[in-house]
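[1] Fold the stuff below for me.
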Amino acid sequence: MKILYLIRTMNLGGAEKFTLSLASFFAANGDDVTILSSGGRYVERYTSMGIHFVNNSLMDPGGISQYPLLRKALEQIISNNSFDIIHCQQRVHLFLLNSIGIDKRRIVYTANNYFNDFFQKLIYPGYAVGISPAVTEGLRKTIRTDHQNIFNINYGVTVSSGPEMYYNDNFTFGYAGRIIPEKGVFTLLQVFSELAEKYKNIYLIFRGEGESIPNLQKYIDEKKLAGKVKIDKPSDEADKIYNDIDCLVYATKMEEGLPISILEAGGRGKIVIAVNSGATGDVIENGTTGILLPSSNFDLLLDSMSAVLERKDEFRMMGEGLRVKIMREYNSEKMLEQYKSLYQRVINII
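    Below is the predicted model of the structure:
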């Protein structure tokens with residue numbers, strides 16, 4: 001089986017980790033795998049796995065003016081190869097594939113976000129997959145693909161084997177992802193600053209990259225929080241990201257799909273506080289597997305983080321409940337086997 005994956009970049013986002021997971025799985029099974037991307041930190045991993053990597057900066061187009069050039073690049077690589085399956089996650093790539101006239105029966109599109117705009121009417125994959133029930137339902141409502149060819153395959157992550165153990169009185173909140181204003185990082189830092197005046201043994205770690213780091217660091221210095229708050233570089237190893245935090249806080253102000261940090265932290269039994277954005281409610285059930293906030297609001301976040309500090313044991317039980325849920329419904333092994341079955345269905349039809 002010859003597979004082409006299309007992805008904007010190969011850095012540390014959920015879409016990139018998803019592509020790496022699929023590509024490495026099928027390459028290990030002996031399939032011929034190619035990734036077309038603008039590059040990123042995961043590229044070195046591909047060469048060691050026998051995966052072909054084609055670098056083209058147009059895969060992350062700067063604007064609509066570059067679409068004709070990207071269309072030409074896609075047409076060239078596809079015409080020079082006989083790919084059985086072309087798998088994409090960004091709508092612009094799918095739109096250009098449709099405009100080239102590629103047999104849609106070879107195209108698999110995985111939707112990471114819920115969209116309800118005019119552009120949804122312009123894309124027409126042979127097979128569409130949602131990464132959670134809410135995203136899948138959104139696909140059924142908005143794209144033209146036959147419903148029998150729209151599937152739900154939950155995003156999968158690795159899951160720890162048992163509940164977390166706690167050995168001291170310190171408590172660390174954490175955030176992992178892009179460090180930009182839209183992710184609610186300033187709200188989180190401001191709330192933590194207020195909590196730190198009352199609770200002495202609490203800490204906060206930001207892990208990621210982004211434009212807001214200088215302003216965050218300025219606030220940390222002004223509030224004399226240097227011993228309480230640190231900003232770390234991102235890591236592509238989930239254990240290194242989450243092992244030293246007790247509670248993940250994801251106070252996004254954006255409409256998102258299903259943030260991978262929620263799944264990765266939850267898969268390690270961490271407490272999760274998250275805004276009910278996109279498909280997050282598929283995973284976090286408020287008061288059962290974590291705290292689900294209606295919006296990224298200072299007072300709501302302050303109340304939630306305070307509640308966790310006052311009732312740690314209760315919320316740690318919720319974290320264990322979340323780990324069990326993710327192990328049952330969002331584990332990587334299950335996801336990979338379901339994509340294997342889907343790819344086989346594609347091959348059998350074409």
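[2] Identify the residues contacting the nearest residue to Val229 once chain neighbours are set aside.
    Excluding its sequence neighbours, the residue lying closest to Val229 (C-beta to C-beta, 6 or more residues apart in numbering) is Leu204, at 4.6 Å. Bear in mind the C-beta positions are built from the backbone N, C-alpha and C, glycine included. Leu204 is in contact with 172-175, 188-189, 192, 228-230, counting by C-beta atoms under 8 Å, 6 or more residues apart in numbering.
[3] give me that answer again for 7 Å
    173, 192, 228-229 (C-beta atoms under 7 Å, 6 or more residues apart in numbering).
[4] between these, which is closest to Ile349?
    The closest of the contacts of Leu204 to Ile349 turns out to be Phe173 (C-beta to C-beta; 48.7 Å).
[5] sorry, back to before: quick one: what helix or strand has the residue nearest to Val229 in it?
    Take DSSP states H and E as the rule and Leu204 turns out to sit in strand 202-207.
[6] Quick one: name whatever helix or strand follows that strand.
    helix 213-222.
[7] Once you drop chain neighbours, what's closest to Pro61?
    Leaving aside its chain neighbours, Pro61 sits nearest to Leu70 (5.5 Å; criterion: C-beta to C-beta, 6+ apart).
[8] hmm, I was thinking of Asn154
    Nearest residue to Asn154 in three dimensions, chain neighbours excluded: Tyr330, at 4.9 Å (C-beta to C-beta, 6+ apart).
[9] next one: Phe298
    Spatial nearest neighbour of Phe298, excluding adjacent residues (C-beta to C-beta, 6+ apart): Thr187 at 5.7 Å.
[10] where's Phe95 relative to Thr136, distance?
    According to C-beta to C-beta, to the nearest Å, Phe95 stands 20 Å off from Thr136.
[11] So between those two, which is more surrounded?
    More crowded of Phe95 and Thr136, by other C-beta atoms under 10 Å: Thr136, with 22 against 16.
[12] can I get the CA coordinates of the least confident helix or strand in the chain by mean pLDDT in PDB?
    Least confident helix or strand of the chain, by mean pLDDT, DSSP states H and E, is helix 43-49 with a mean of 78. Taking C-alpha atoms only, helix 43-49 is exported to PDB below (Å, rounded to 0.1, in the frame of the first residue of the first chain):
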ATOM      1  CA  VAL A  43      11.500  15.400  10.100                       C
ATOM      2  CA  GLU A  44      14.600  13.600  11.500                       C
ATOM      3  CA  ARG A  45      12.400  10.900  13.000                       C
ATOM      4  CA  TYR A  46      11.100  10.000   9.500                       C
ATOM      5  CA  THR A  47      14.400   9.100   8.000                       C
ATOM      6  CA  SER A  48      15.100   6.600  10.800                       C
ATOM      7  CA  MET A  49      11.700   4.900  10.200                       C
END
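[13] packing partners for it?
    The contact analysis (3 or more C-beta pairs under 7 Å, 6 or more residues apart in numbering; DSSP states H and E) places helix 43-49 against helix 14-28, strand 52-55.
[14] wait, which of the ones you listed is closest to Ile291?
    Comparing these against Ile291 with C-beta to C-beta, the closest turns out to be helix 14-28 (21.1 Å).
[15] which stretches of the stretch 251-350 of the chain form strands?
    Under the criterion DSSP state E, counting those that start in this stretch, the stretch 251-350 of the chain contains strands at 271-275, 291-293.
[16] Now mean pLDDT too, for the helices and strands packed on helix 43-49, in CSV please.
    Formatted as CSV, the helices and strands packed on helix 43-49 follow (pLDDT from 0 to 100):
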stretch, mean pLDDT
helix 14-28, 93
strand 52-55, 93
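[17] Kindly compare burial across the ones you listed and name the winner.
    Mean neighbour count (mean count of other C-beta atoms under 10 Å) peaks for helix 14-28 among the helices and strands packed on helix 43-49, with a mean of 20.
[18] Also compute the angle for the very next helix or strand once past that helix relative to helix 14-28, please.
    Using DSSP H and E, the next helix or strand after helix 14-28 towards the C-terminus is strand 32-37. Counting by axes from the mean of the first three to the mean of the last three C-alpha atoms, to 10 degrees, strand 32-37 lies at 160 degrees to helix 14-28.
[19] And the contacts of strand 32-37?
    For strand 32-37, contacts defined as C-beta under 7 Å, 6+ apart pick out 2-10, 19, 23, 26-27, 46, 51-56, 59, 77.
[20] 6 Å instead, please
    Here strand 32-37 makes contact (C-beta atoms under 6 Å, 6 or more residues apart in numbering) with 2-7, 10, 23, 26-27, 51-54, 59.
[21] Likewise for stretch 231-247?
    The contact list for stretch 231-247, computed with C-beta under 6 Å, 6+ apart, reads 12, 171-174, 176, 205-209, 213, 264-265, 268, 270-271, 308.
[22] What is the end-to-end distance of it?
    Across stretch 231-247, the terminal residues are separated by 16 Å (C-alpha to C-alpha, to the nearest Å).
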